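[1] sequence first, then the predicted structure:
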Amino acid sequence: MKKLILTWFGNTFGLYLVDLLLDGVYFVDAKAVFSAGLILTILNRLLKPVLNLLTAPLNILTLGLASFLVNVIVLEMTMHLAGGAVIRSFGTACVAAFLLSVINSLIDH
């Protein structure tokens, strides 16, 4: 449970930083950032392993690019489900997913 809460706050912090760094990502208020962080944590725990399993053959063929696209899809779903969270385009989602991956890897280590 402790790791789940830390992951939630790490995702929330990452989304907040992405909001500060990119013009195409914005949140209405702090509640939207926290809810998006919670939704991202839940989707990463439940949906992402299933999507990675389904895209495993494609992931092998593309040398890992499919897992990046899974991250983008999960981020797009998060922003769609969270009220008050907006991401403007697929390109912005790609950059945001990359930044979130970097931020989360820095937080984890």
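    Thanks, I have it. The shown structure was predicted, so the numbers you read here are calculated from the model rather than taken from an experiment. Residues are numbered from 1 along each chain as shown.

[2] residues in contact with the residue nearest to the spatial centre of the chain?
    Nearest to the mean C-alpha position of the chain, counting by Cα atoms, centre = their mean, stands Leu75 at 4.0 Å. In this structure, Leu75 makes contact with 40, 87, 93, 96-97, 100, judged by Cβ atoms under 8 Å, 6 or more residues apart in numbering. In short, each C-beta sits where N, CA and C put it, glycine included.

[3] who's in contact with the residue of the chain positioned farthest from its centre?
    Centroid-distance maximum for the chain: Leu61 at 23.5 Å, with Cα atoms, centre = their mean. Applying Cβ under 8 Å, 6+ apart, we find Leu61 in contact with no residue.

[4] report pLDDT for it.
    pLDDT, Leu61: 96.

[5] do Leu17 as well
    The model's pLDDT for Leu17 equals 95.

[6] part of a helix, is the residue nearest to the centre of the chain?
    Yes. Counting by DSSP: H, G, I helix; E, B strand; the rest coil, one finds Leu75 located in a helix.

[7] which residues of this structure score low on pLDDT?
    109 (pLDDT under 70).

[8] mind doing that once more with 80?
    108-109 (pLDDT under 80).

[9] not counting sequence-adjacent ones, nearest residue to Val70?
    Counting by Cβ to Cβ, 6 or more residues apart in numbering, Val70 lies nearest to Leu51, which is 4.7 Å off, once chain neighbours are set aside.

[10] burial count for the one you found?
    Neighbourhood size, Leu51 [other Cβ atoms under 10 Å]: 18.

[11] and it, how far is that from Phe68?
    Using Cβ to Cβ, to the nearest Å, Leu51 is found at 12 Å from Phe68.

[12] could you do Tyr26 as well?
    Relative to Phe68, and taking Cβ to Cβ, Tyr26 is found at 23 Å.

[13] cool, and Met77?
    Met77 is 15 Å from Phe68, by Cβ to Cβ.

[14] Leu43 too?
    Applying Cβ to Cβ to Leu43 and Phe68 gives a distance of 16 Å.

[15] between these two, which one's more packed in?
    Leu43 (18 against 15).

[16] pretty sure the more buried one contacts Thr78?
    Yes. Using Cβ atoms under 8 Å, Leu43 is in contact with Thr78, at 5.9 Å.
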